[in-house]
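Student: Pasting the sequence and the predicted model now:
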Amino acid sequence: MNFPPDFLWGAATSAYQVEGAVAEDGRAPSIWDTFTAGRGIDSGEVACDHYHRWPADADLMAGLGMNAYRFSLAWPRIVPAGTGPVNPAGLAHYDRMIDGLLERGITPVPTLYHWDLPQASQDRGGWESRATAEAFAAYTEVCLDAFGDRVPTWLTVNEPWVVSVLGYRLGLHAPGETDLRGSVLVAHHLLLAHGLAMQRIRSLRPAARAGIPLSLYPTYPAADADAEAARGSDGYTNRWFLDPVLRGEYPADMVELFERLVGPLDFVRPGDLDVIGTRPDLLGVNYYTRRRVAAAPQDGLPWRVLGAEEGVPRTESGWEDVPDAFHDLLVRLHHDYGTPLLITENGGVWNAEPDAAGRVRDTGRSHALRRHLLALSRAMDEGARMLGYLHWSLLDNLEWAEGYARRFGLVHVDRTTQERRVKDSACYYARVIAANSVVEVEEDE
Ligand code: PNW
């Protein structure tokens, strides 16, 4: 089956994970600089040096036939103190990059916020403060003024579930807090930031299309008796974000649960859900794996997310590799919310290194890519409206608190020399893009 002629084919990155150059051209520190320094873990100080090497990276994308690139704008480069003065050198960088992409026939798909909050904003309360959502709206206006003439598709706030839960409940991501109420509060402010940005985009660039990229996990009961637990976990991770964005309301079952666990959600003010529910043009889908859930309390919540199931294929980070769940998710989103879908992330860890001839045989990624694209195309046959597929990631990069050891890239990056090597999976992907159809993986590809 062929994909629509205007289907977006490309890859994704985010600023802190690839750029490096953290102290250059007026960039101020972000919460991820602070978090990685505080824990002594791999940082984005150099990353893939994409800040300087983006022209060569854009040449690679063009060479592979990609027509879209999802990257993120670094708030601490553009408005270094979070609010107040704009940094012209920060704007100039993305200005050149957006022009450079367009010159190569690549549509820029910028994300406004991919987790690198200016440390100065954190010092004033960060996402626990409603003022940060207002500051984000002002920063969004700066970006729209600067780039809105050339950017047809905007993405707002990447994965508010991951930020709120890993950053504020489990302490695994910046800023490393561990409080359930705080995480629900932060999730609300992130959603509010998304809604305020949608309103700015609507008024300043009415022709642009925009939406939010959510991390979504198709969730299955481990056994029949676990159906209610699975519904709870789905509510916690998926519906808590989908429903306000696409229906303008928080799901009632989850409101009840949260109020029981943390008290009244009094930070939700009248009118907030109208803002958050500003109808987006698309939903960004970040899909990696499915979840199985059992009815047993864990970490203060009334269900347990199980580990990988025996006998089910996994990526090298242990995530179950289940393309059928991707299909189920897309069909469900189509039925429940009816919005056009853009795959803003999909991929996995396959840690292949160059052989003596410099070839990177990451065959596992090629096969997973093919099977996920087949799942996507089956969902399209069943009515899902799909705008494009952006693979995570273009480059091996900083996998946040996990460091550089987990390679998600279509393109291998040598950590010492920064040398780029197009992996076998990228060659496979280039053949898919050229055919605009899911081709077979060739032997040794
Ligand atoms: C997403 N989890 O992050 C992000 O958008 C990317 O920046 C990241 O590199 C990619 O997925 C791969 O992980 C996630 O533990 C990080 O559930 C962690 C989780 C989910 C998504």
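Tutor: That came in fine, so what should we check first?
Student: residue closest to the middle of this structure?
Tutor: The C-alpha lying nearest the average C-alpha coordinate of the chain belongs to Asn158 (C-alpha atoms, centre = their mean; 4.8 Å).
Student: Now do the contacts for it.
Tutor: 14, 72, 111, 113-115, 213, 286 (C-beta atoms under 8 Å, 6 or more residues apart in numbering). From N, CA and C alone the C-beta is placed, and that goes for glycine too.
Student: Show me which residues of stretch 108-125 are buried.
Tutor: Across stretch 108-125, burial judged by 16 or more other C-beta atoms under 10 Å covers 108-122.
Student: Endpoint to endpoint, it covers what distance?
Tutor: Distance between the two ends of stretch 108-125: 32 Å, counting by C-alpha to C-alpha, to the nearest Å.
Student: quick one: the strands in the chain?
Tutor: 8-12, 68-72, 107-113, 153-157, 209-215, 219-221, 282-287, 291-294, 304-305, 341-346, 386-392, 411-413, 420-422 (DSSP state E).
Student: looking only at pLDDT, what's the mean for the helix ranked longest in the chain?
Tutor: Using DSSP state H to define each element, the chain has its longest helix at helix 180-204. The average of the pLDDT scores along helix 180-204 is 99.
Student: Number of residues surrounding the closest residue in space to Ala28 that isn't next to it in sequence?
Tutor: Leaving aside its chain neighbours, Ala28 sits nearest to Pro80 (3.5 Å; criterion: C-beta to C-beta, 6 or more residues apart in numbering). A count of nearby residues for Pro80, using other C-beta atoms under 10 Å, gives 21.
Student: quick one: Pro80 and Gly26 touch, right?
Tutor: Yes - at 6.0 Å, Pro80 and Gly26 qualify as touching, with contact defined as C-beta atoms under 8 Å.
Student: Pull up the overlap in contacts between these two.
Tutor: 87, 90.
Student: Poorly predicted segments of the stretch 1-150 of the chain, please.
Tutor: Judged against pLDDT under 70, the stretch 1-150 of the chain has no low-scoring part.
Student: need the contact list for the residue in it positioned nearest to the ligand.
Tutor: Going by C-beta to the nearest ligand atom, the ligand is nearest to Ser14 of the stretch 1-150 of the chain, at 5.0 Å. Ser14 makes contact with 71-72, 111, 114-116, 158, according to C-beta under 8 Å, 6+ apart.
Student: And the ligand, is stretch 302-315 touching that?
Tutor: No - on the criterion C-beta under 6 Å from any ligand atom, stretch 302-315 is out of touch with the ligand, staying 9.8 Å away.
Student: If we go by neighbour counts, what in that stretch is buried?
Tutor: For stretch 302-315, by 16+ other C-beta under 10 Å, it's 302-305, 308, 314-315.
Student: try stretch 9-28
Tutor: 9-22, 27-28.
Student: Could you do stretch 404-424 as well?
Tutor: For stretch 404-424, by 16+ other C-beta under 10 Å, it's 404, 406-413, 418, 420-424.
Student: What parts of the stretch 101-250 of the chain come near the ligand?
Tutor: With C-beta under 6 Å from any ligand atom as the criterion, the stretch 101-250 of the chain meets the ligand at residues 158-159, 162, 215.
Student: possible to save those as CSV with pLDDT?
Tutor: Shown next, in CSV, are these (pLDDT from 0 to 100):
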residue, pLDDT
Asn158, 99
Glu159, 99
Val162, 98
Ser215, 98
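Student: Relative to Glu259, which of these is nearest.
Tutor: Val162 (23.4 Å; C-beta to C-beta).
Student: what's the nearest residue to that closest one if we skip its chain neighbours?
Tutor: Ser215 (5.3 Å).
Student: who touches that neighbour in this structure?
Tutor: 159, 161-162, 237, 286, 288, 345.
Student: and the gap between whichever residue of the stretch 201-350 of the chain sits closest to the ligand and Ser233?
Tutor: Per C-beta to the nearest ligand atom, Ser215 is where the stretch 201-350 of the chain lies closest to the ligand, at 4.9 Å. To Ser233, Ser215 is 13 Å away according to C-beta to C-beta, to the nearest Å.
Student: again with Asn67
Tutor: Note on Asn67: its distance to Ser233, by C-beta to C-beta, is 36 Å.
Student: neighbour count winner among those two?
Tutor: Taking other C-beta under 10 Å, Asn67 and Ser233 do not tie; Ser233 has more neighbours (24 against 17).
Student: so what's the closest residue to the more buried one other than its chain neighbours scoring on pLDDT?
Tutor: Nearest residue to Ser233 in three dimensions, chain neighbours excluded: Val293, at 4.4 Å (C-beta to C-beta, 6+ apart). Turning to Val293, the model gives it a pLDDT of 98.
Student: okay but Val293 is in contact with Ala225, surely?
Tutor: No - counting by C-beta under 8 Å, Val293 does not reach Ala225; the two are 11.3 Å apart.
Student: And these two? Which one has more around it.
Tutor: For the pair Val293 and Ala225, the greater number of neighbours falls to Val293 (26 against 10), based on other C-beta under 10 Å.
Student: Span of stretch 59-67 from start to end?
Tutor: Note: stretch 59-67 ends 12 Å apart using C-alpha to C-alpha.
Student: how far out from the middle of the chain is it?
Tutor: 21 Å (C-alpha atoms, centre = their mean, to the nearest Å).
Student: Next, the buried residues of it.
Tutor: Quick answer for stretch 59-67 (16+ other C-beta under 10 Å): 60-62, 64-67.
Student: Could you pull out the helices in the stretch 1-150 of the chain for me?
Tutor: With DSSP state H, counting those that start in this stretch, the ranges of helices along the stretch 1-150 of the chain come out as 15-18, 31-39, 50-63, 75-78, 88-103, 119-123, 130-147.
Student: Would you mind measuring from the residue nearest to Asn158 when sequence neighbours are not counted to Gly105?
Tutor: With C-beta to C-beta, 6+ apart as the criterion, Asn158 has its nearest non-adjacent residue at 4.4 Å, and that residue is His114. Distance, His114 to Gly105, using C-beta to C-beta: 24 Å.
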